[in-house]
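>>> sequence and predicted structure are below.
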Amino acid sequence: MMLDGVFKMADNDHGADNGADRGGAAPSLDMMALLRNLFPLPRSLTGDGVRATLTALKADLPSLEIREVSTGTRVFDWEVPREWNIRAATIKTLDGRVLVDFADNNLHVVGYSIPVSGTFSREELARHIHTLPDQPDAIPYRTSYYAENWGFCLPHSLWQEMQDESYLVEIDSTLADGALTYGELFVPGDSNEEILISVHICHPSLANDNLSGIVVAAALAQHYLSQPSGRLGIRFLFLPATIGAITWLAENEDELHRVVHGLVLTCIGDEGPFHYKRTVEGAVVDLAVEHVLAHSGHAFEMMEFSPYGYDERQYGSPGIALAVGCLMRAVHGTFPEYHTSLDNCDFVTGTALAQSFRVILEVIDLLRNNVTYRRVDGRGEPQLGRRGLYRAIAGQKEGGGASQMDLLWVLNQCDGQRSLLDIAERSRTPFSRIRAAADLCLDAELITEVRS
Amino acid sequence: MMLDGVFKMADNDHGADNGADRGGAAPSLDMMALLRNLFPLPRSLTGDGVRATLTALKADLPSLEIREVSTGTRVFDWEVPREWNIRAATIKTLDGRVLVDFADNNLHVVGYSIPVSGTFSREELARHIHTLPDQPDAIPYRTSYYAENWGFCLPHSLWQEMQDESYLVEIDSTLADGALTYGELFVPGDSNEEILISVHICHPSLANDNLSGIVVAAALAQHYLSQPSGRLGIRFLFLPATIGAITWLAENEDELHRVVHGLVLTCIGDEGPFHYKRTVEGAVVDLAVEHVLAHSGHAFEMMEFSPYGYDERQYGSPGIALAVGCLMRAVHGTFPEYHTSLDNCDFVTGTALAQSFRVILEVIDLLRNNVTYRRVDGRGEPQLGRRGLYRAIAGQKEGGGASQMDLLWVLNQCDGQRSLLDIAERSRTPFSRIRAAADLCLDAELITEVRS
Amino acid sequence: MMLDGVFKMADNDHGADNGADRGGAAPSLDMMALLRNLFPLPRSLTGDGVRATLTALKADLPSLEIREVSTGTRVFDWEVPREWNIRAATIKTLDGRVLVDFADNNLHVVGYSIPVSGTFSREELARHIHTLPDQPDAIPYRTSYYAENWGFCLPHSLWQEMQDESYLVEIDSTLADGALTYGELFVPGDSNEEILISVHICHPSLANDNLSGIVVAAALAQHYLSQPSGRLGIRFLFLPATIGAITWLAENEDELHRVVHGLVLTCIGDEGPFHYKRTVEGAVVDLAVEHVLAHSGHAFEMMEFSPYGYDERQYGSPGIALAVGCLMRAVHGTFPEYHTSLDNCDFVTGTALAQSFRVILEVIDLLRNNVTYRRVDGRGEPQLGRRGLYRAIAGQKEGGGASQMDLLWVLNQCDGQRSLLDIAERSRTPFSRIRAAADLCLDAELITEVRS
């Protein structure tokens, strides 16, 4: 076999390309500190807990826009609901001893509970009590958004001890016209196209299921605001689930064509394997996430789309059809801490948050750098030697880590149809090396970008 | 995760949906009785045995049309052959003792045998004798449609005992101009499109290989004649194999575009696993049969198309290209009873016929109900609560067995491209539940039919 | 099941169809003798060794055209390099004892070494010495085409023994304007389309890596020159790797559309399993090679395309995009003899060359005979009996080995879209039998060729 010069082939590294060891970008934001700070705020679909959460985020992200949409606003098939606020809630013995107090844990009150005040027999009260007999020390998380009701959530063990005939019950809440509140932050890109990152902010004191997504999204926003702009803009949405996403979609219907890739982030603060749920129709973002995870060294599983889950359901509904997948670690409904008081700040770790930050950052970087090129003159291989490309590869600095094999793949496959990600997948090479090889070819004017 | 209300998800039942236990439609026709009634009739490609068979069917199916096409009629590359009738046939000893008598079993004479009468030496006779040395007590089934000849089929054991020097041989048959006879019954549908169900009626006393298909088709015809009309018409053909199908195709060439799905039925009376041979190009009917069998609780195997077999060969030939598959239980040529006197009324069971009836009924029902819808307003999920859809699901009656998950699948996937069968397959849900969910959505005016 | 007449189905032979046992075409050319004859010639990218090789081939192939392209000619991104010739090269002890002599083995000198003459210290000389410490008795093969340099290759054991302080070194070579030389032979076909067979001729005394391809290509050329012409022409190229292919492509750019299939042949003289590297985009030639190998009885492996390898890289580059695969037995870089003096005439066997000849001949024959037909009248199956097609099959001579099943496949699948190879693959039947069945159908005017 003849080669264009005398050298040994660099091995094509098919092994793990563990981001954690590459000393790449680390978040400037202290995600665990922010998470602990946000944990006690009484978030719900609407209300002051959401506002307080967004205000806290704005301290780290001054360009975050906090938007309000009035109760009763028509959003597609829905209406913005009344705003719920709660100041206090207790169950006391008739002699005034406090047994259950919203001030201790805001999971104690069913979300959207209407105000109540009075003495209830144990039997009457029982119809409003939610416990988990199988997890007797955990408080469950319950809501009643669209049916007027009230209720308390408490450890089953406590409820078992409560054997008085009657109790004093008080919920000091209001359910009234107001607004739905959400946050939006846009990192502009060089083109009209953008990546959507969406997290829900409607869960009260749950650390993995909602806060982990919020703090990683915040860290990513802060990171990209400090970077030079890229090809694609990045839009971060912090919104209440379902009604929030529907509201944002309805308010921005004419601009949705700008969203070319998207991710919903949730439950990404535990140390379990990554799970990625594919988009409805299959999309580049699915391939990008799978590529990054496969080269990350982390355990992961790709899951087929299903219509149950988070706001990817709304983004992917037939008339919207945005390519938005969902990245998780623990999967909703399958871990014992899910929707209980056990999903607390101890369940989430700084290490896990940092890993998730890094994975998503690599996905975003990949998507922003995933260009399609064609060879300027594709007739046969170009002569690499006289262009100094072998030297560039030999010297790691100039070559950016690309091997000669990576160069050959780029030169052979840049046909104006295949993207760099397609080439990375076909050659089973980490994207970063194919990107580096493409940069060498760009410098040598061997390839040129194809605009779609 | 936020949901539109407080409830638990119903489990998505991926398990067997055994039709046999659902107490659905049972045939009004007594299939075993009809089969026993038809068994002794001397069927062949043409002749009075075919006429008697169709006349017997017409007693149960008054709307059955019995058609005759004259000998010599050109049908595509073929000609309708002469009509064959046989009154009697014997082999006797020279002293008049009857050893072989057509009156005992009409398999004894090779189909389309020309008349013969005379004394033959054992050696001469031997050239006209067919036996099965490996199955010495069985009579084989043989024909000689297109080469003028005559012959007898008998148990090998009997032939071994026949050691006289000569025998008296007589076949009282006629091969003369006449007609090819077939039966046709049409159950009209609401549209111009139809499903074709085709069975062959040219085999004499063989129970599984031809009679099982005939009686199940008759029972299905009687069932659908008593039902409200459906989206698609159903055309039942009872015809001699190959030349019968070619004749029908030639006589109906201008109307073939109406046939959108089809099934050839054969050997569906034994208790073995189901076998389905796919259409030439792959078609919806293949998916429908696989879906029904997969949820039926019966063992089954999907087989690739091959050009050897039954009339699916004719329906699928290049210039015709109808989407017609072939449903069997025992597969021709692979079971010892095949084309012998062992394929008798004991080889077929009423249980097996009822199972086959049910499976085909479910396939037909599925095909008739397999509509493509699109969301009326697909922008985000609709609000289910205010439309009473949760209540409908909770109350089994209104919901028709659909779960909330089924509803979410239908709402997410009805994009005007995917049929309900596509959605059932993607969600791994029995078609009936997806159909029920779609009915709820139709009632709520959330989806609308797409006409192709 | 009814069939058109009384007969038994022939078994569809899915087993091995071992060409070696069929006594088919054998090469008229003595490939081992030619290989031994060419072995000592000092081939390189350019020069008199190449000319001598082509002149020797011309003795067997008088219609071989020997072409010269001048140094400095621009060919796409490259320039034809200067011509290299070498007359002698030695390393001697200071007292004149010859230790290394180019006359003994032309691997001893690094290809394209510039002239040198003088006394060198062992230390200075060491920078120009190439050995294989792991294979101490083998001489490595090295070149330095595009960087001016000189060097010797020798057994590591010899170099270990050479412990003098200084040596007399001489390389009597010239690197000067001249030409690049290649050979081209065209076997005309009945159409404008052709098959390309390309082998490299730039390796000196290496038997498997370059000579095996050369002698099999020569034997194939001689064979097809003696045969009646076929549907496709066959173009044989004998050229230096990379720059030779690029030169030929540049010189023939306007005619490249004629090449519809192609094969690069290399390392096909050892007795190991076959390896076939697919084309960049997937092509009929890939399917043809896989079909022939699968029915050949030889062990084989299909390999995905990669941009590292032989001239399939050039033929498949984005702007050229010819469907050219690469057939090998031993794979470059993976066997110990590769690019060493161990790849000699003992490593290659006449048996292996004959097997490779036969496999490639079957691939070429298949490609030339792979026509697409449509049924003249596709409405139903034609009546085979009255056309004598059953008789043709029963008598092997007329039927060419086709079975009734093969006939049914051809009649069912000739829809004007599928080629005979497609039908052979779908029916899992050797191409030759499907071809024979198609010939019967052609004779009976049942099918007609579709020109694309």
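Perfect, thanks for sending it.
>>> residues touching residue A:286, list them.
Contacts for residue A:286 (CB atoms under 8 Å, 6 or more residues apart in numbering or on different chains) come out as A:276, A:278, A:279, A:302, A:325. Every residue, glycine included, has its C-beta placed from N, CA and C.
>>> okay, helices next: where are they in chain A?
A:31-38, A:48-60, A:122-126, A:156-161, A:213-225, A:243-251, A:284-294, A:312-315, A:350-369, A:389-394, A:396-399, A:404-413, A:420-427, A:431-443 (DSSP state H).
>>> below-threshold pLDDT in the stretch 1-150 of chain A: ranges please.
Along the stretch 1-150 of chain A, segments meeting pLDDT under 70 span A:1-24.
>>> around chain B, pick out the residues from it.
Taking CB under 8 Å from any CB of the partner chain as the contact definition, the stretch 1-150 of chain A meets chain B at A:45, A:75, A:76, A:77, A:78, A:142, A:143, A:144, A:145, A:146, A:147.
>>> pull the most distant pair out of those residues.
Within the residues of the stretch 1-150 of chain A next to chain B, A:76 and A:142 form the most distant pair, 26.4 Å apart (CB to CB).
>>> between these two, tell me which one has more neighbours.
Neighbour tally, residue A:76 and residue A:142, criterion other CB atoms under 10 Å in any protein chain shown: the higher count belongs to residue A:76, 21 against 18.
>>> surely that one meets residue A:249?
Yes - Residue A:76 is within contact range of residue A:249, at 7.2 Å (criterion: CB atoms under 8 Å).
>>> what touches both of those two?
Any residue near both residue A:76 and residue A:249 by CB under 8 Å, 6+ apart counts here, and that gives B:379, B:380.
>>> domain-wise, how is chain A divided?
Domains of chain A are assigned by automatic domain parsing as A:8-80+A:179-369, A:83-176, A:372-449.
>>> what about the second one, start to end distance?
It stands for domain A:83-176. End-to-end distance of domain A:83-176: 5 Å, with CA to CA, to the nearest Å as the criterion.
>>> for residue A:133, give me its contacts.
Counting by CB under 8 Å, 6+ apart, residue A:133 touches residue A:156.
>>> for residue B:183, see how far away it is.
Per CB to CB, to the nearest Å, residue A:133 is found 66 Å from residue B:183.
>>> then residue A:330?
Computed as CB to CB, the residue A:330 to residue B:183 distance reads 63 Å.
>>> now do the contacts for residue A:246.
By CB under 8 Å, 6+ apart, residue A:246 lies in contact with A:75, A:76, A:77, A:78, A:314, B:380, B:381.
>>> ok, for it, nearest residue in space, not its chain neighbours?
Leaving aside its chain neighbours, residue A:246 sits nearest to residue B:380 (4.3 Å; criterion: CB to CB, 6 or more residues apart in numbering or on different chains).
>>> give me the pLDDT value at the closest residue to residue A:199 other than its chain neighbours.
Spatial nearest neighbour of residue A:199, chain neighbours left out: residue A:213 (3.7 Å); criterion: CB to CB, 6+ apart. With respect to pLDDT, residue A:213 has a value of 98.
>>> tell me the pLDDT of the residue of the stretch 51-200 of chain A at minimum distance from chain C.
Minimum separation of the stretch 51-200 of chain A from chain C (CB to the nearest CB) falls at residue A:191, amounting to 25.0 Å. On the pLDDT scale, residue A:191 is placed at 95.
>>> flag every residue of the stretch 251-400 of chain A that's near chain B.
A:253, A:266, A:280, A:306-310, A:313-314, A:316-321, A:332-333, A:339.
>>> now which of these would you call buried?
Using 16 or more other CB atoms under 10 Å in any protein chain shown as the burial test, those include A:266, A:280, A:306-310, A:313-314, A:316-318, A:320-321, A:332, A:339 as buried.
>>> so how far is stretch A:200-210 off the chain centroid?
12 Å (CA atoms, centre = their mean, to the nearest Å).
>>> name whatever forms a beta bridge with the closest residue to residue A:115 other than its chain neighbours.
Spatially, and ignoring its direct neighbours in sequence, residue A:115 is nearest to residue A:173 (5.0 Å; CB to CB, 6+ apart). Residue A:173 has these beta-bridge partners by DSSP bridges: residue A:86.
>>> show me which of the contacts of residue A:246 are buried.
A:75, A:76, A:77, A:78, A:314, B:380, B:381.
>>> distance of the residue positioned nearest the centre of chain A from chain C?
Residue closest to the average C-alpha location in chain A (CA atoms, centre = their mean): residue A:265, at 1.8 Å. Noted for residue A:265: a distance of 35 Å to chain C, by CB to the nearest CB, to the nearest Å.
>>> so that residue bridges to which residues?
Bridge pairing for residue A:265 (DSSP bridges) gives the partners residue A:327.
>>> wait, it sits on residue A:200?
No - counting by CB under 8 Å, residue A:200 is not a contact partner of residue A:265; they are 9.1 Å apart.
>>> picking that back up, burial measure for the residue nearest to residue A:199, as a count.
Count around residue A:213 with other CB under 10 Å applied: 29.
>>> out of everything not next to it in sequence, what's closest to residue A:154?
Residue A:154's closest residue in space is residue A:100 (CB to CB, 6+ apart), at 5.4 Å.
>>> I'd guessed the one you found sits against residue A:106; true?
No - at 11.8 Å, residue A:100 does not count as touching residue A:106 under the criterion of CB under 8 Å.
>>> could you name the stretch from the domains of chain A that's closest to residue B:209?
Nearest of these to residue B:209, taken as CB to CB: domain A:8-80+A:179-369 at 42.5 Å.
>>> could you give the number of residues near the one residue in the stretch 101-250 of chain A that gets nearest to chain B?
In the stretch 101-250 of chain A, no residue comes nearer to chain B than residue A:241, which is 3.7 Å away by CB to the nearest CB. By other CB under 10 Å, 24 other residues sit near residue A:241.
>>> where's the closest residue to chain C within chain A relative to chain B, distance?
Ranked by CB to the nearest CB, the top residue of chain A for proximity to chain C is residue A:378, at 3.0 Å. Remark: distance between residue A:378 and chain B (CB to the nearest CB) = 36 Å.
>>> contacts only, for that residue.
Residue A:378 is in contact with A:414, A:415, C:317, C:318, C:319, C:320, counting by CB under 8 Å, 6+ apart.
>>> gap between whichever residue of the stretch 1-150 of chain A sits closest to chain B and residue B:375?
For the stretch 1-150 of chain A and chain B, the shortest gap (CB to the nearest CB) falls at residue A:77, measuring 4.3 Å. Residue A:77 sits 10 Å away from residue B:375, going by CB to CB.
>>> over to residue A:65?
To residue B:375, residue A:65 is 31 Å away according to CB to CB.
>>> flag every residue of the stretch 301-450 of chain A that's near chain C.
Counting by CB under 8 Å from any CB, the stretch 301-450 of chain A sits next to chain C at A:374-375, A:377-383, A:385-386, A:405, A:408-409, A:411-416, A:427.
>>> quick check: closest non-adjacent residue to residue A:266.
residue A:213 (4.9 Å).
>>> and if you look at residue A:331?
Closest residue in space to residue A:331, ignoring its immediate chain neighbours: residue A:275 at 5.2 Å, by CB to CB, 6+ apart.
>>> contacts only, for that neighbour.
Residue A:275 neighbours (CB under 8 Å, 6+ apart): A:300, A:301, A:303, A:327, A:328, A:329, A:330, A:331.
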